[in-house]
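Trainee: generate coordinates for the sequence data below:
(one chain, ligands or ions: 2)
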Amino acid sequence: GILVVATKNAGKVREFQHAFAPFGLTVKSMFDYPELPDVVEDGTTFAENALKKSRQIAEALGLPVLADDSGLCVDALDGRPGVYSARYAGEGATDKDNNLKLLDELERLKQGEDTGQPLLSTARFVCALSLYDPSTAAELTAEGAVEGWITSEPAGGGGFGYDPLFYLPDFEKTMAELTLDEKQSISHRGKALRLLTERLAGRPLG
Ligand code: ITT
Ligand code: NA
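Mentor: Ligands and ions are numbered 1, 2, ... in the order given. Have a look, this model is predicted:
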């Protein structure tokens, strides 16, 4: 079978492919439907944006569609960048731009403190998933979060986005140093996915 995920983020696509492969599902993403217009993400919550993406793409394709809206909430920044995580360093910002801006902003806050330690602030990744079925207008949602620290010492070549800056004390590693399996077992996205599949059980789509 095929599962369409309303995302243009290659890192998310890789994680969804990894998660759904054991179920024999092939993931299609917006890279497979370049003709579809971008969804305007002007919601104030992750859940609101996830629903906008799943509904717009599901209605355009006439198929059930999964969407993911996620981001990083940093305590020293009062929860920013939050729903603005993708465009934190501006419209069209790359992961690298966003990571540089995050370290710059946090190091600025710490000026004069010079504690000599790399952990700058507690933070959490949040993921909202929305599965929308256009034939019934039914929506299934799930959210997951994972706690960690923003480190001034980026590490790891795995994952995507803010992963190299997200330090997990239990692993003594950043999220970018985990394998796909390890990341899935603890991440905001992995937790949300497990919750969503539990909620989906016994509720066949359209
Ligand atoms: P789509 O909307 O097309 O899915 P996007 O990248 O714009 O792609 P979001 O609007 O949900 O997705 O923005 C998510 C932001 O949070 C983006 O900057 C990601 O890099 C970051 N992010 C989300 N999940 C992450 C993860 O597992 N690891 C690292 N960064 C993550
Ligand atoms: Na978003």
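Trainee: mind listing what Phe20 touches?
Mentor: Contacts of Phe20 were listed using C-beta atoms under 8 Å, 6 or more residues apart in numbering, and they are Leu3, Thr26, Val27. C-beta here means a position set from N, CA and C on the backbone, and glycine is covered the same way.
Trainee: can you list the residues of this protein near ligand 1?
Mentor: 7-9, 12, 41, 68-72, 85-86, 95, 98, 125, 159-163, 175, 187, 189 (C-beta under 6 Å from any ligand atom).
Trainee: so what's Leu165 up against?
Mentor: Counting by C-beta under 8 Å, 6+ apart, Leu165 makes contact with Asn99, Leu102, Leu103, Ile150, Thr151, Pro154, Thr174.
Trainee: now the first one, nearest residue through space, not along the chain?
Mentor: Going back to what we said before, that points to Asn99. Leu165 (5.6 Å; C-beta to C-beta, 6 or more residues apart in numbering).
Trainee: dig out what the closest residue in space to Asp75 that isn't next to it in sequence forms beta bridges with.
Mentor: In this structure, Asp75 finds its nearest non-sequential neighbour in Thr122, 4.6 Å apart by C-beta to C-beta, 6+ apart. Legend: beta-bridge partners of Thr122 under DSSP bridges are Trp149.
Trainee: now do the contacts for Thr122.
Mentor: Contact partners of Thr122, counting by C-beta under 8 Å, 6+ apart, are Val74, Asp75, Ala76, Glu147, Gly148, Trp149.
Trainee: what is the nearest of these to ligand 1?
Mentor: Nearest to ligand 1 among the contacts of Thr122: Gly148, at 10.5 Å, using C-beta to the nearest ligand atom.
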